[in-house]
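Novice: Mind looking at a prediction? Sequence and model below.
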Amino acid sequence: MSTEEMTVTVVDDDAAVLKGVSRLLKSAGLKVATFETPDAFLEAYNPSQAGCLVLDLAMPGLSGLSLQQLLHEKGDAPPIVFLSGAGDIPNSVQAMKHGAVDFLTKPVDETALLGAIHAALAKERATRRGRIELLEIKTRLNRLTPREREVLEHVVSGQLNKQIAWDLGTVEKTIKAHRAKVMEKMGAESLAELVRMAQKVGIGGGSNP
């Protein structure tokens, strides 16, 4: 996903800040959307739109921190860069604990702001790649037969073929065949890759045989 496909959304009740930040970001080749209130942002918010948020900390009504918390509760929070006129340290600590990428004070340094936004967009790309990968792994997992799923769970827990055969009441040759099908269906080129895939969906986590 390229930067051109993502939107930097700026929410600030100061029209001058919105105008200045918007001009800066557009000059850097970034797609920008601006809102003067969190409520206006929430009305238009589309979680499927990739990007990041630049939030003013103190706004009438819903604050930037409250908006961050609301988005987290909904499971939709994109990476956030906070702007603060007061440089409130306790709030900055709280914001960072909740996953904010950066916390900058106004008047914001343009280089610092662009750096923080590019870091936020990089984080967004990584997060979305992770979601896509997880979905692909789950799709492959669903192609396994019940017996292949059992073999997978035993394999990634660190058991040898002969141990798995004993546990499942079959012979080692049969386990080898099942194991080969598991590797094929999961698209894994090595045992280490299979274990990594399984761990991403909460299966196994033991040592490799």
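Specialist: Good, I have the coordinates.
Novice: quick one: secondary structure of the residue most central in space within the chain?
Specialist: Among the residues of the chain, the one closest to the centroid is residue 127, at 2.6 Å (CA atoms, centre = their mean). Of the three states, residue 127 takes helix according to DSSP: H, G, I helix; E, B strand; the rest coil.
Novice: contacting residues for it?
Specialist: Residue 127 makes contacts with residue 79, as judged by CB atoms under 8 Å, 6 or more residues apart in numbering. Glycine gets a C-beta too; all of them are placed from N, C-alpha and C.
Novice: please redo it, this time with the cut-off set to 6 Å
Specialist: For residue 127, the contact set (CB atoms under 6 Å, 6 or more residues apart in numbering) is empty.
Novice: Check residue 95 too.
Specialist: So residue 95 contacts 82, 103 (CB under 6 Å, 6+ apart).
Novice: Which helix or strand contains it?
Specialist: helix 89-97 (DSSP states H and E).
Novice: I'd like the mean pLDDT over that helix, please.
Specialist: Per-residue pLDDT values over helix 89-97 give a mean of 75.
Novice: Which is the succeeding secondary structure element to that helix?
Specialist: Downstream of helix 89-97 (by DSSP H and E), the next one is strand 102-105.
Novice: That next one - what's its average pLDDT?
Specialist: pLDDT averaged over strand 102-105 gives 89.
Novice: CA atoms only: put it into CSV for me.
Specialist: C-alpha atoms of strand 102-105 as CSV (Å, rounded to 0.1, in the frame of the first residue of the first chain):
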residue,chain,number,x,y,z
ASP,A,102,3.9,10.9,18.7
PHE,A,103,2.9,13.8,20.8
LEU,A,104,4.0,17.2,19.5
THR,A,105,3.5,20.7,20.9
